[in-house]
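Engineer: Provide a 3D model corresponding to the input given below.
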Amino acid sequence: MIYPSVDQLLKKVDSRYSLVIMTAKRARQLRENQLNRDDSDFIKEVTAALEDIAVDKIYFERIKDGIK
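Structural biologist: Reported below is the predicted structural model:
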């Protein structure tokens, strides 16, 4: 079973597209932060991004030009 589930995550956003965009942007942020450190701990960025969305650590705001 995948945690967090897609059904749970879709309650946080308005569409699957928004979920994908949010996850990709957050994963890029996490990857950039990992590259700046010399930690030996490897964290899967996409999984961490999905967990951040599930616990409301990040959210999206729809603007005229796209998602902020």
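Engineer: Show me what counts as buried in the longest helix anywhere in the chain.
Structural biologist: Counting by DSSP state H, the longest helix found in the chain is helix 16-35. Residues of helix 16-35 classed as buried by neighbour count (16 or more other CB atoms under 10 Å): 18-19, 22-23, 26-27, 30. C-beta here means a position set from N, CA and C on the backbone, and glycine is covered the same way.
Engineer: In the chain, where is pLDDT below threshold?
Structural biologist: 1-2, 35-43, 66-68 (pLDDT under 70).
Engineer: mind running it again at 90?
Structural biologist: Within the chain, the stretches with pLDDT under 90 are 1-7, 10, 12-15, 31-45, 47, 58-68.
Engineer: quick one, what contacts the residue nearest to residue 26 when sequence neighbours are not counted?
Structural biologist: Leaving aside its sequence neighbours, residue 26 sits nearest to residue 49 (CB to CB, 6 or more residues apart in numbering; 3.7 Å). By CB atoms under 8 Å, 6 or more residues apart in numbering, the contact list for residue 49 reads 22-24, 26-27, 30.
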